[in-house]
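Novice: the following comprises the amino acid sequence and a computationally predicted model.
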Amino acid sequence: MTAWTDRFIERPVLSLVLSLLIVLLGVMGFTRLGVRETPDIETPVVTVSTSWPGADPALVESDVTEVIEREVNGIEGVRTLSSSSLDGRSEITIEFSLERDLEEAANDVRSRVDRVRARLPREVLDPSIEKADAAGQPMMFLRLAAEDGDLLAITDVAETIVRERLENVGGVSGVDLFGARVYAMRLELDAAKMAARSVTIADIERSLSAGNVDIPAGRIEGMSTQLTVHLDGGLRTPEQFGALVIRGSGNAPVYLRDLATIRLGAENERSAARADGSPSLSLAINPQAKANVVDISDEVQRRLPDIQADLPPGYSLDIVFDRAFSVRDSIHEVELTLAVAFGLVVLVTFLFLRDLRSTLVPAVAIPVSLIGTFLVLWAAGFTINVFTLFGLVLAIGLVVDDAIVVLENIVRHLEEGASPAEAALAGTRQITVAVVATTASLLVVFLPVIFTGGSTGRLFLEFGVTVAASVAISMVVALTLTPMLTAKLVRAGAHKAEDGLLARGFAITFGWVRRFPALVVPVLLLAAAVGVGGWMKLPTEFFPLEDRNNFILRTEAQEGATFEWMDARMREVEAQVIPLVPERRVALARVASGRGGIAAGTNTGMIFFSLKPKSERDRSQQQIVAALKPVLAKVTAFRVIPIQSPTIGRGFASPLQFVLQHPDFDTLARALPGFLQAARQLPGLSAVNEDLRLDRPELALAVDRERAAAIGIPLADVARSLQVLTGGSEIGRFKRGVRQYPIIAQLIRADRDEPTDLSRIELRAPGGALVPLTNLVQWEERIAAATRFHYARSPSATISANVDGITLGQGIERLQALADETLEPGFRTALAGQAKDLAEGSASLATLFGLALLLVYLLLAAQFDSFIAPISVMLTVPLALAGALGSLVIFGQSMSFFSQVALILLVGLVTKNGILIVEYARQQEHDRDLDPWAAASEAVRLRFRPILMTSIATIGGAIPIALGLSGAGRASLGIAVTFGMFTATVLTLYVTPVVYATLATWTRRLPAP
């Protein structure tokens, strides 16, 4: 083991070449790394959408949703299975474990759905299977506006000029339009005119199909020239549509203009989109899974002036939200922390050694180790993100440890009179085993991460690999470059052997403890009590909420609200709320509008606030939302729910999602109102809402199947007539320029505003006679659920809520206690969203902590060839936990992902100090034949300075994190490491040698096996 380290001291060029090679490869890896804010933890999601025109939610649930759910439930790797059954549509969402490949998962779903297709009703359309590109959530919003506010024209400009230019940017997977109004030819049919001319909607559809054609018709061939014949029979303008003959011939044709008002309008006219109160359209840029969002942002900003130059007069295009800003801010915060930590670590080294030349040695070792880590990150397929940079921040205090231990041991030999070369050789040989052992103890802490799945495992993996790689490289540097530099830079006689004030004070106090070794027992018991008490007292949450420069206000009125009513109320809220947020860059409002102009519920809306950077405003995102809550509480027209985007993950959803399940839908529906009312009284919960509501007014039609069959009218004709005439459906396509747009037919509003208007709809029997719809159906008005939900194949209702003044874990506990107290037998509960991530993440991290303890113990047992000797080292862990957990309680922190990572990290950190003492004590016993107490005393005396230096260096690396320089939400990690290391270091110097000597003495007295 020592021979190869001697070679690097004796051959300095070899040592330099190795370090330069590490740096060179690290730089090459760095240049190839992508940049993200967080690791890719989006789970594969596949959706199955099935249409059944005319079917109500209950029928869709029983005949479509349950059939497909039963089939796909057995697919490998399904994490959650949820569904919603609506009027004429089934939506099934299958979320897979993070390890499953999205393409393979989609193929498995497609195969299962194809297998079950024959068991679905004949009227059901073929299911549509889509892959949800979770990584492709919007990273940037651009606002496109025009002086005249014409959304039809704005949408056309977006489609023809802007969208394609943005989609050509490298790394962009697609661009979605929000608030779009796509051109459509609208046929507003008059029921009375149709009846007077004996025309049905089926007649109109047939005439359009026959009279709206635009196809190649053939060719004319001469001897030397060929002409292609093209039939230009397509309808383009309202006038051309109006001239289409629907029925009749000769002197009495019926034209479409005789039956309808024809105009060029929008496909979806029941939606609105505004920016700061003015009509506008938003373009959302979605990145590819492994794309560098910072590069995409830079390229979009570079192209923006060219795109703006091509816009028509009066148009403007600007960026209103850019996730790359947050990425840059987060990375800048971590970079600042990195610089501060580096400075503190170097300063600590200088203060202890009091020699500039000696300080240069670890100052060089740190960047070599950190830069080399980038090669490992690139090889592992990771990115530069907050978690990998965060690992580098902590690594600063760790990579210097090995260099300090080697340097200090060499310096000690110099103090004893050895020459630099002799000191380097002897000091490195003596400490090599301890350095390898301490590094191994830290590496095995992260070994279980490889086998941990889910989002928690993925997050911890990138952090853990970063720390482990940097520490492993630092060990190589410490045993190759550090001894060589010490031999070349540190002068003989520069260091005098003298004990400082701290060392002398420690020697006195350790003498007291040695005389009364039983003192360590109450210390250990007290540490255990503080640790257990802190663990039980700390509230839990997945990730603390951070300022993300944005939030939304989600609005929802009672079912049945019209678009006109909802739009008017939304304008009132916009006028009231938007001026209260002067820190905004823009406020984007949408009413009943989804992606690409697709309609959402007319009772829904949203206001998205994009805020200025944190450096340009006095209030945080959380403070702004808190200030709005009293104002929003006074809105009585509908519910207004403020939602802040999660620290980790995408999208906007309430953090607490609590699922109630019962096999019987009616029982679930009866219990829900009481549970919801009680939940709204729980302290700490706000914006308590439910997805299952029995408040939608509907007109339930029952078809007399026997009469319809006797007349010869298929049920599908009844459903199609209702779908088109009352719902407004596409009955064809037309061209405008080079693009195709829908033809939408619908009765005029006056012919469909009362249930009795159904009598105006007529269908044609096979003999040609017209039959009023009311002759075939009966109806009743009722209140029903607009959507029936399933979770894990059981009827469900999801309670969503925000948490105020409490953590997510406390909110879960309160809702679970309420469920246990109030719900009757047969009910089950589950968690979804962030709440589910918290529950799974806490279990994963608890398992990791236990495995880390076990692996470190087994490693030490193998190293010491004893199952008893490692106990003295392992007892440093409760000492660290006492300081870590106690400090988290004192500073009002929570048991979050960062807190738990700190606890796992401490297992490796604090055992390093114990190893330095025990390893040297065992050497002294073997080499000098000392008794255990003498060996332990000598070991702690000689290892006092390196332990103190490495511990303070580690604390120096953690202090900037504890101060919140890398983000307030991550402060808990710095606090736990700082105080855990402090208490463990102080107490380890007393407890470890005493316990080691006691156990070693006891072991010697045992009879030999």
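Specialist: Yep, it's here. Residues are numbered from 1 along each chain as shown.
Novice: only C-alpha atoms from now on, for both contacts and neighbour counts.
Specialist: Will do.
Novice: burial count for Ala817?
Specialist: 11 (other Cα atoms under 10 Å).
Novice: i'd like the first residue to be 869 from this point on
Specialist: Fine by me, first position is 869 from now on; the one you just mentioned is Ala1685.
Novice: and the strand or helix carrying it, what does it pack onto?
Specialist: Remark: Ala1685 resides in helix 1676-1690, with elements defined by DSSP states H and E. On a contact count with 3 or more Cα pairs under 8 Å, 6 or more residues apart in numbering; DSSP states H and E, helix 1676-1690 meets strand 1524-1529, helix 1533-1547, helix 1701-1732.
Novice: again, 10 Å this time
Specialist: strand 1524-1529, helix 1533-1547, strand 1553-1558, strand 1662-1671, strand 1696-1700, helix 1701-1732 (3 or more Cα pairs under 10 Å, 6 or more residues apart in numbering; DSSP states H and E).
Novice: relative to Val1301, which of these is closest?
Specialist: Set against Val1301 and scored by Cα to Cα, the helices and strands packed on helix 1676-1690 come closest in helix 1701-1732, at 9.5 Å.
Novice: what does the residue nearest to Phe1506 when sequence neighbours are not counted show for phi and psi?
Specialist: Excluding the flanking residues, the one nearest Phe1506 by Cα to Cα, 6 or more residues apart in numbering is Ala1425, at 4.4 Å. Main-chain dihedrals, Ala1425, degrees, to the nearest 10: phi -100, psi 180.
Novice: and Ala1425, how far from Phe1543?
Specialist: 21 Å (Cα to Cα, to the nearest Å).
Novice: Leu1238 now?
Specialist: Counting by Cα to Cα, the gap from Leu1238 to Phe1543 is 54 Å.
Novice: quick one: which of the two has more around it?
Specialist: For the pair Leu1238 and Phe1543, the greater number of neighbours falls to Leu1238 (25 against 17), based on other Cα under 10 Å.
Novice: not counting sequence-adjacent ones, nearest residue to that one?
Specialist: Distance criterion Cα to Cα, 6+ apart; nearest residue to Leu1238, sequence neighbours excluded, is Ser1338 at 5.8 Å.
Novice: and Phe1732, how far from Val1339?
Specialist: Distance, Phe1732 to Val1339, by Cα to Cα: 22 Å.
Novice: need the contact list for Ile1815.
Specialist: Counting by Cα atoms under 10 Å, 6 or more residues apart in numbering, Ile1815 touches 1269, 1272-1273, 1276, 1778, 1780-1782, 1784-1785, 1808, 1821, 1853-1854, 1856-1857.
Novice: re the thing from before, can you flag the weakest of the helices and strands packed on helix 1676-1690 by average pLDDT?
Specialist: Lowest mean pLDDT within the helices and strands packed on helix 1676-1690: helix 1701-1732, a mean of 82.
Novice: any stretches of the stretch 1269-1418 of the chain with poor pLDDT?
Specialist: 1318-1322, 1360-1368 (pLDDT under 70).
Novice: cutoff 50 now
Specialist: 1365 (pLDDT under 50).
Novice: ok, back up a step: right, so of the helices and strands packed on helix 1676-1690, which gets closest to Thr1324?
Specialist: Comparing those against Thr1324 with Cα to Cα, the closest turns out to be helix 1701-1732 (5.3 Å).
Novice: who does that closest one touch, helix- and strand-wise?
Specialist: Helices and strands touching helix 1701-1732, by 3+ Cα pairs under 10 Å, 6+ apart, are helix 1288-1313, helix 1322-1357, strand 1524-1529, helix 1676-1690, strand 1696-1700, helix 1737-1742, helix 1765-1796.
Novice: ok, and what's touching stretch 1377-1392?
Specialist: 1372, 1374, 1394-1398, 1743-1744, 1746-1747, 1750, 1801, 1805, 1808-1809, 1855, 1857-1863, 1865-1866.
Novice: now the nearest residue to Ala1455 once chain neighbours are set aside. Its backbone dihedrals?
Specialist: In this structure, Ala1455 finds its nearest non-sequential neighbour in Phe1477, 4.6 Å apart by Cα to Cα, 6+ apart. Main-chain torsions, Phe1477, degrees, to the nearest 10: phi -100, psi 120.
Novice: cool, the one 3 residues further on as well?
Specialist: In terms of degrees, to the nearest 10, the main-chain angles of Lys1480 are phi -70, psi 160.
Novice: coming back round to it: residues touching the residue nearest to Leu1238, list them.
Specialist: By Cα under 10 Å, 6+ apart, the contact set of Ser1338 is 1234-1242, 1244, 1259-1260, 1262-1264, 1266-1267, 1332.
Novice: surely Val1138 and Gly1473 touch.
Specialist: Val isn't right for residue 1138; it's Arg. No. Arg1138 lies out of contact with Gly1473 (Cα atoms under 10 Å); the separation is 11.9 Å.
Novice: neighbour count for those two, which is higher?
Specialist: Using other Cα under 10 Å, the more surrounded residue of Arg1138 and Gly1473 is Gly1473, with 25 against 19.
Novice: I'd like the next helix or strand past the strand or helix carrying the more buried one.
Specialist: For Gly1473, the host element (DSSP H and E) is strand 1472-1479. Remark: after strand 1472-1479, the chain's next helix or strand is helix 1489-1501, criterion DSSP H and E.
Novice: returning to that earlier point: which of the contacts of Ser1338 fall in helices?
Specialist: Among the contacts of Ser1338, the residues falling in helices (DSSP state H) are 1234-1242, 1244, 1259-1260, 1262-1264, 1266-1267, 1332.
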